[in-house]
Every structure is written in C-alpha cells, then in structure tokens.
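Peer 1: With the sequence up front, the predicted model follows.
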Amino acid sequence: MGKLSGRYRGRVGLAALAFTAGAGITSLAGGTAGAAASGSPITLVMITSLTGEGSSEFSNAPAGFNARIALQNAQGGIDGHKINGVVLDDQTSPTQIATAVQDAISKNPAGIVSTSPLFFLADKYPQQAGLPVTGGFFDGPEWGTTGFTNMFASDVGSVDIKYPVNTAIGAFMKAHGGTVACSYGYSISPSSSRSAIGTNLSFVHAGGKSGVLDTSISFGSVAMTTPALTAKQKGCNAFYAGLDDNSNDALATALQQEGVKPKVMVFPTGYDSQVIGTPAWKAIQGGYFETEFRPFSLPNAGTTQMKAALDKYAHFSANEFPSFSQYESWLGADLMIKGLQMAGPTASHAAVVKALRSIKSYNGNGLLPENINYTNDFGKDLPKSCGWYMKAEKTSFVAVSSQPWCGTDIPGTTTVSG
C-alpha cells in the first residue's frame, strides 16, 4: 500500500479505509506511569499493518524497528536498561487499530511508535494517556492538530493540516522535459486524491499545462487502458501516479502498450530493492521514484549505521536497502530512544514528551535531508520539503543527484476539499 503526503511527495496512504470508520472504537483509560522501574526493561510498542491490505507496504516494517532497538541494546540500552520492543498488528482494519492501541497502552510502554496508516483513528487514546508517540506522518493530520502535542513525526516533524501545494514536484517534472501533465489518484482516498491535485497544481505553477487530473481511479485498479488512451489523446508527456504499486505498474504498462513515451513519470511509491528484476521492473524502466530518506547509494554516517544494523540484525543482503516502512520504523524508534536518553530511563511519560519537545535539531543521524526543530514546528510544515529522486535504470535505482531536490509551500494554497 502506498503512503501519503500533503507535500510534494504525495504519499497515497490508507486513510481511504477509514471512509466508513468511526464506529467500534471504544474508550480506554490509560495510565501515566513512568517509563520503567529501576533496573527493569523499557518497553516500546510499534503498531503497523502486518496483515490486511496494507501488509504489502508495511509487513516488513518491524525489521527497521527491531534493528534500531537491537543496536541500542548492544550499546547498553538506556543507561543500562534494555529495551523490549513489541510489535502489534492493526490488520489494516479501522476497528482493529483501536484494539491495537488499547493493547499498546495496557503494556504501559515508555512510548508508542506508529508505522500505521490508520493510527489517526485511535490517536486520542495515547493523547488522553499522555503517552509520547513518534513515527510516520503519512496517516493523517493529527501530527499537527491542536491538542496532539504528544505526537512527534520522526520524518517531517509536524504537519500543516491545510496540506498546501509544494513547488518541488512540479518544478522537477518541468525540469525533466514535461510540458503537459496527467495526474492520477484514487477516488476513495482523500490522501491519494490530494496528492494528485497537489501535483497538478504544482506543475501548473512551474509553467506546465494540465492535461488530465483524474481522481476517479478505483482503489487498487489495474484497468488502465482507458486512462492511457485519454492521456495519449490529451498529449500528456509528464505523469504522476499517486497510486498503489500495482496500479502504478499497470498504468506504466498501459502507456507503453498505447505507444505513449513519457518525458517524465513520477511515482511516490515503489522505491524498493525487492522490485528490481521482477516482471514489473521492465514496465517502470525510466520512471522516477521519490524517497524522503537518504538512499544507501549515497552513504553517510546515518546510512552506514543503519545498513550495519540491518545487515546484522535483519540479515539484509549486500545490495538490499530499506523500504519506506523500514526507514519509518527505524526513525520512529530512533527518535523515541533519543527522548528517553534525554529524559532518563525511569522518567514519566510527561517528562519524555517534554524532552522530545525540547529537541531543536533532529535529522536521524543524516537519514533526513532537513533538520527538524520540535520546539516550534507544531502544526507547520518544514520550511523546505526535500527528498531524492531515484531513476529506475537497467539493473538498479540511480539517484538523479547526490543532493536532495527541495521545494517550498505555495502561500495560500490547500489541497483539502470541503
């Protein structure tokens, strides 16, 4: 399953699955006890989608979370307290996410790491319990919503809940030869539709023309002949597909079959070592894939540390690199560990929240392209939104540039409808 973003990355997300959700979430009285008694292990709980529709994206997320914890334990834990990592499955279910969060809180953890596309459906329970939450912002706006200051997005810091249009993706597509754009999103997913709309507006802002803005794609559809024919008729040569990997692959294949030769095609999902050499690989050759995390092919201290841990504790092969969810879960654990180191292993939940909120510069040891200041960013986007574009070449993904591509929000814009 894909990811979402109100910024140029345009992650698809699984918020779509919540369109009938709301019922079935029960209240829970959470405790506010300290992180760990003297000498006892510290518990961290990660919630993700091991099963259900989101499993294609998130089932491998535990590797990042567990590797970061294993690395910390090998270094002595938190002041001699070992960390006990627990992974819970939300089953990609709007009702099961509440059960998973209740289960997490009942364990009285030091904190919760969210690598869940549905966390927004149960976010109020950790808030009511005063529990710190770190993790990926890709599920919903609670990471920047008033009152949820216990939540710390370890990938972008916070979220502007208006989801403004960002200049980056439009400028990238225009710079790589695009003149007329086709942009696609799922009808059932507000996040997917929003990413398609944002990309379209960004491209027009960069001086391009809008050929097709299609947010009527059925969730998970691989029936892409009609969209390909329409794209051909409209003369599109720049494409953005804010869809799941299977839909993106089907679109690329359909365009190829109809003789459409894109100047630039951008996918917000699919940068994954596991896709190289598969049948889908041929269809996406020449496509550009976004990643907001530093690629292992551009090594620095952060990638070197993460690779060594994944090789040792998750048994990665020499050429394997982490997926989106593995980056997210690693960073979620990393930021929570930083907060515990600052507050102390027996600190209260409130003290850990306070410590995290005092962090003025965080970049995951260089895995992130921008420094996050948690003291003043709540409810805001980062001043710059940056990431790398990876091109699918013959046998590998190749970075377009060693430096991240950046953009800024366009003042007064929003991609939120209604």
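Peer 2: That came in fine, so what should we check first?
Peer 1: count of residues packed around the residue nearest to Leu367 when sequence neighbours are not counted?
Peer 2: Closest residue to Leu367 apart from its sequence neighbours, by C-beta to C-beta, 6 or more residues apart in numbering: Gly302 at 4.2 Å. Every residue, glycine included, has its C-beta placed from N, CA and C. For Gly302, the neighbour count with other C-beta atoms under 10 Å is 20.
Peer 1: before we move on, which element is Gly302 in?
Peer 2: Here Gly302, judged by DSSP states H and E, is contained in helix 301-313.
Peer 1: Just the buried positions in stretch 144-155, please.
Peer 2: 144-145, 148-155 (16 or more other C-beta atoms under 10 Å).
Peer 1: which residues does Leu88 bridge with?
Peer 2: Beta bridges link Leu88 to Ile47, judged by DSSP bridges.
Peer 1: Then Thr43?
Peer 2: Bridge pairing for Thr43 - DSSP bridges - gives Asn84.
Peer 1: That one: how many residues sit nearby?
Peer 2: So Thr43, with other C-beta under 10 Å, has 17 neighbours.
Peer 1: wait, what's in contact with it?
Peer 2: Going by C-beta atoms under 8 Å, 6 or more residues apart in numbering, Thr43 touches 36, 83-86, 107-110.
Peer 1: can you do 7 Å?
Peer 2: By C-beta atoms under 7 Å, 6 or more residues apart in numbering, the residues touching Thr43 are 84, 86, 107, 109-110.
Peer 1: Wait, Val266 touches Gly286, no?
Peer 2: No - the pair Val266 / Gly286 is not scored as a contact, 11.3 Å apart, by C-beta atoms under 7 Å.
Peer 1: neighbour count winner among these two?
Peer 2: Neighbour count, other C-beta under 10 Å: between Val266 and Gly286, Val266 has more, with 27 against 14.
Peer 1: before we move on, what SS does the more buried one have?
Peer 2: Following DSSP: H, G, I helix; E, B strand; the rest coil, we place Val266 in the strand state.
Peer 1: With Met336 instead?
Peer 2: From three-state DSSP, the assignment for Met336 is helix.
Peer 1: What separation do you get for it and Leu131?
Peer 2: To Leu131, Met336 is 11 Å away according to C-beta to C-beta, to the nearest Å.
Peer 1: Where does Val398 sit, in terms of helix or strand?
Peer 2: Here Val398 is assigned to strand 397-399, by DSSP H and E.
Peer 1: Kindly report the same for Ile112.
Peer 2: For Ile112, the host element (DSSP H and E) is strand 111-115.
Peer 1: which parts of that strand are buried?
Peer 2: 111-115.
Peer 1: Show me where this structure has its strands.
Peer 2: Counting by DSSP state E, the chain has strands at residues 42-48, 83-89, 111-115, 133-135, 151-153, 180-186, 209-217, 238-241, 264-267, 288-291, 385-392, 397-399, 405-407.
Peer 1: which one of those is the most hemmed in?
Peer 2: For these, the largest average neighbour count (mean count of other C-beta atoms under 10 Å) is found in strand 111-115, namely a mean of 33.
Peer 1: tell me the centre residue of this structure?
Peer 2: Geometric centre of the chain, nearest residue: Phe138, 4.7 Å, by C-alpha atoms, centre = their mean.
Peer 1: Quick check: phi and psi at that one.
Peer 2: The phi and psi torsions at Phe138 (degrees, to the nearest 10) take the values phi -80, psi 0.
Peer 1: Can you tell me how far it is from Leu340?
Peer 2: 24 Å.
Peer 1: Isn't Cys182 up against Cys236?
Peer 2: Yes - counting by C-beta under 7 Å, Cys182 does reach Cys236; the two are 3.9 Å apart.
Peer 1: Can you work out which residues contact both of these two?
Peer 2: 211-212.
Peer 1: before we move on, the earlier item: mind putting the buried residues of strand 111-115 into JSON lines with pLDDT?
Peer 2: Listed next are the buried residues of strand 111-115 as JSON lines, based on pLDDT from 0 to 100:
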{"residue": "Gly111", "pLDDT": "98"}
{"residue": "Ile112", "pLDDT": "98"}
{"residue": "Val113", "pLDDT": "98"}
{"residue": "Ser114", "pLDDT": "98"}
{"residue": "Thr115", "pLDDT": "97"}
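Peer 1: Adding distance to Pro262, write those out as JSON lines.
Peer 2: Formatted as JSON lines, the buried residues of strand 111-115 follow (distance: C-beta to C-beta, whole Å):
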{"residue": "Gly111", "distance to Pro262": "44"}
{"residue": "Ile112", "distance to Pro262": "41"}
{"residue": "Val113", "distance to Pro262": "38"}
{"residue": "Ser114", "distance to Pro262": "35"}
{"residue": "Thr115", "distance to Pro262": "32"}
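Peer 1: biggest separation within these, which pair?
Peer 2: Gly111 and Thr115 (13.3 Å; C-beta to C-beta).
Peer 1: can you list the domains in this protein?
Peer 2: The chain breaks down by automatic domain parsing into domains covering 15-160+321-366, 168-295+385-407.
Peer 1: Cheers, nothing more for now.
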